[in-house]
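[1] everything below, folded, please.
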Amino acid sequence: MAANNTKPKLSKSQAAEIVQKHYKLTPTNLRFLPSYDDQNIYIATVEGGEYLLKIMNTVHTRDPTLIELQSYAMNFLHQSGLPTQTTLKTTTGQLMIQEDIDCGYGLQKYLVRLLTYLPGIPIAEVPLSPELLYQVGRIAATMDNILQKMEHPQLNVLQRDGFIWSLSNICLLEKWLNVLDGDPLLEIVKSVLHQFKTAVAPKYSSFRECLIHGDFNDLNVLVQENEKNGYKISGIIDFGDLNFGCYVNELAVTIAYMMLEHPNPLEVGGPILAGWESIFPLNAAERDCLFWLVLSRLCQSIVLARVSVTLQPENEEYLMCSSKKGIPLLRKLFEIGKEQVEKVWVKSAAEFRDSQPSS
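    The predicted structure follows:
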């Protein structure tokens with residue numbers, strides 16, 4: 001988690017200079033985009049291309065192998081037909097460079113990449129029809145299946161032991177629970193952690209392990225209008241949480257974040273589950289733990305957002321965007337309970353599957 005002085009804050013002129021120097025491209029339009037702890041800058045060029053200049057924070061810069069693997073995964077998925085970004089090579093053939101840049105803290109090293117810019121808007125900004133949610137579940141499972149075929153000599157780096165955003169490491173939240181002191185939400189978070197330890201962890205040996213995106217959320221999935229007056233998925237972005245986890249963790253993360261954007265969140269899980277299982281059916285243990293894994297992700301989002309705000313108070317609006325919606329959702333799901341929520345998910349998944357035309 002990046003502290004305030006580790007996040008890059010390049011000016012537009014600094015960004016333009018990097019693009020001209022290393023890629024021989026001439027920017028005509030630069031626009032700052034929201035980001036968690038790195039910096040993202042949209043760039044249009046005289047030569048006609050659109051790109052995303054991504055500058056890693058000083059913590060991530062110290063782990064270039066991890067960043068290389070993220071770029072490799074995006075390129076691998078793109079070659080397999082999924083709508084992911086690709087990384088442009090510099091004039092000397094490099095996929096990333098380290099630059100000494102002064103962002104107001106003196107000269108520091110930052111890892112820089114130039115990525116293709118994907119069309120579309122975040123799925124958070126459009127109505128989530130059952131058909132679109134089905135697409136979300138299907139493409140998430142497809143992505144994870146493709147990632148299982150990826151080979152790289154340093155793939156073990158993606159084990160990422162102790163990674164705080166891995167659902168497998170949810171119990172690491174305990175050391176930060178003081179950010180909820182005095183908040184009634186604290187007892188719900190503690191209860192979810194207890195359920196994870198007693199009901200989920202004992203079944204982990206039955207979960208199928210795989211390489212996952214890890215953050216398939218409502219801002220990292222892009223969509224465009226299609227010819228049927230609906231929307232199709234046009235982009236999958238931000239592979240910063242890429243790690244070895246479990247298939248069901250990816251599904252839980254996906255459901256948790258898509259629920260944040262729906263006026264009736266309980267209607268979200270069924271179509272996503274149907275789409276997911278059209279590619280990768282859950283086993284009994286994974287299905288039984290899905291509810292608590294979804295709530296666990298909401299707890300992660302809420303607690304870690306509050307921790308991040310203490311480190312980056314000037315970025316509070318962006319850091320808290322998921323957390324603010326997640327708090328009432330976590331309360332509602334916890335109050336309704338596992339049995340009732342699962343009934344809704346399973347019933348609506350079955351109804352959605354039955355409504356699909358037979359192939």
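
[2] isn't residue 180 right up against residue 187?
    No: between residue 180 and residue 187 there is no contact under C-beta atoms under 8 Å: 9.2 Å. Where C-beta positions appear, they are placed from N, C-alpha and C, glycine not excepted.

[3] who's more crowded, the two?
    residue 180 (19 against 11; other C-beta atoms under 10 Å).

[4] that one: what's its closest spatial neighbour, skipping adjacent residues?
    Leaving aside its chain neighbours, residue 180 sits nearest to residue 186 (4.0 Å; criterion: C-beta to C-beta, 6 or more residues apart in numbering).

[5] assumed the one you found was part of a helix.
    Yes: per DSSP: H, G, I helix; E, B strand; the rest coil, residue 186 lies within a helix segment.

[6] count of residues packed around it?
    By other C-beta under 10 Å, neighbour count at residue 186 equals 15.

[7] then residue 12?
    By other C-beta under 10 Å, the residues close to residue 12 number 14.

[8] that one contacts residue 39, correct?
    No: the pair residue 12 / residue 39 is not scored as a contact, 11.5 Å apart, by C-beta under 8 Å.

[9] for the residue positioned nearest the centre of the chain, which non-adjacent residue is spatially closest?
    The centroid of the chain falls nearest to residue 215 when counting by C-alpha atoms, centre = their mean (2.1 Å). Using C-beta to C-beta, 6+ apart and skipping the chain neighbours, the partner closest in space to residue 215 is residue 241 (4.0 Å).

[10] which residues does the one you found contact?
    Applying C-beta atoms under 8 Å, 6 or more residues apart in numbering to residue 241 gives the contacts 163, 165-166, 213-215.

[11] ok, now residue 224?
    Taking C-beta under 8 Å, 6+ apart, we find residue 224 in contact with 119-121, 231-232, 234.

[12] likewise residue 15?
    27, 30, 41, 43, 53, 55 are the contacts of residue 15 under C-beta under 8 Å, 6+ apart.

[13] name the SS class of the residue nearest to residue 215, please.
    coil.

[14] all helices of this protein, in order?
    12-23, 58-61, 64-79, 130-147, 185-195, 247-259, 269-277, 284-311, 316-319, 321-336, 338-355 (DSSP state H).

[15] mean confidence for the first one?
    It refers to helix 12-23. Per-residue pLDDT over helix 12-23 has a mean of 95.

[16] measure residue 220 to residue 30 for me?
    Separation of residue 220 from residue 30 (C-beta to C-beta, to the nearest Å): 22 Å.
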